[in-house]
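>>> just need the structure, nothing else, for what follows:
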Amino acid sequence: MSRTEALQRRRAEEVAAFCADVLKDGGAAAIADRAATYASDETWTALVKKHRRRGCHGLAELARAILNGKEQLHAAVGWAAAGLLGLMRRPRIEQIFAQELVRRIPLPADAKLIAAARGLQIAGIYVCLVGNRDLADCACLRDVLKVEGKARIKRLIEGAIEDWRELPRLVPGFETGG
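Next comes the predicted model:
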C-alpha cells in the first residue's frame, strides 16, 4: 500500500468511526423511520436485506449516476441557450457567456436530484452499518468523503439525516410523489 493510499485509508477509518457513532446515536433509527415514508416497509426491508451482505456498491453507483445526470442536464440546458442565441445570430461571446451562465444556474429539479442521491448514499451507509461492514470500505461513505472532505462529513451526515426528516416539508408534493 502506498503512502497516499495509507493516508486515504486512515482518513476513511477516522470518518467511518465518527459516522458509526453518529448513526448509533439515533441516526440509524431516523434513517429507518424516514425510509418508511418514502418506501413501503417491504421495499425497505428487501433493500436492506439484499445489500446487507453485498454492501452498498449498487446504491453508490446509482447516486453517482443521478449526480452525473444532474450535471449533464445543466450542460444540455446551457448548450440549448447558446444554440438559441446562435439562431438569433448573436455574437459568439454572448453565446458562450449564456451557455456558461445558464449551465451554472440552479434548475428546479436540482433539489430533488441532490436529495435523491444523498438519500441513496445515506441508505447505503445505513445498510453497511447494519450489515456490520467496515464503514471505511463503504462506497457511499467514500463518495461523500471524496466530494465533501473530512471537515464537512459530520455536518453532512447530521444534516442529511435532518434533511431526510424534513424533506416532505421542504419539497412540496414529495409525500405524494408529485
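
>>> tell me the pLDDT of T45.
With respect to pLDDT, T45 scores 86.

>>> oops, could you answer that again for R90 instead?
pLDDT recorded at R90 is 96.

>>> next, it: phi, psi?
Main-chain torsions, R90, degrees, to the nearest 10: phi -80, psi 150.

>>> got it, and the one 5 residues further on?
The phi/psi pair for Q95 (degrees, to the nearest 10) reads phi -60, psi -50.

>>> how far does the biggest helix by length in the chain sit from the chain's center?
The helix that spans the most residues within the chain, counting by DSSP state H, is helix 57-87. Centre-to-centre, helix 57-87 and its host chain are 15 Å apart (Cα atoms, centre = their mean, to the nearest Å).

>>> repeat that for stretch 81-96.
34 Å.

>>> which SSE is the residue nearest the centre of the chain in?
With distances taken as Cα atoms, centre = their mean, R118 lies nearest the centre of the chain, 2.6 Å away. Element membership for R118, per DSSP states H and E: helix 110-130.

>>> how about the CA coordinates for that helix, as CSV?
Output in CSV follows, covering the C-alpha atoms of helix 110-130 (Å, rounded to 0.1, in the frame of the first residue of the first chain):
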residue,chain,number,x,y,z
ASP,A,110,-31.7,20.1,-8.6
ALA,A,111,-33.0,19.9,-5.1
LYS,A,112,-34.9,16.7,-5.8
LEU,A,113,-31.9,15.1,-7.6
ILE,A,114,-29.5,16.0,-4.9
ALA,A,115,-31.9,14.8,-2.2
ALA,A,116,-32.4,11.5,-4.0
ALA,A,117,-28.6,11.0,-4.4
ARG,A,118,-27.9,11.9,-0.8
GLY,A,119,-30.7,9.7,0.3
LEU,A,120,-29.3,6.8,-1.6
GLN,A,121,-25.9,7.4,-0.1
ILE,A,122,-27.3,7.7,3.5
ALA,A,123,-29.3,4.4,2.8
GLY,A,124,-26.0,2.8,1.6
ILE,A,125,-24.2,3.9,4.7
TYR,A,126,-27.1,2.5,6.8
VAL,A,127,-27.0,-0.9,5.1
CYS,A,128,-23.3,-1.1,5.6
LEU,A,129,-23.7,-0.2,9.3
VAL,A,130,-26.5,-2.7,10.0
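
>>> now do that helix against helix 57-87, angle only.
Angle of helix 110-130 versus helix 57-87, following axes from the mean of the first three to the mean of the last three Cα atoms, to 10 degrees, is 170 degrees.

>>> got any ranges where the chain has weak pLDDT?
Across the chain, the ranges flagged by pLDDT under 70 are 22-26, 150-178.

>>> I122 contacts A30, doesn't it?
No. Using Cβ atoms under 8 Å, I122 makes no contact with A30, being 9.6 Å away. Heads up, the C-betas are built off the backbone N, CA and C, glycines and all.
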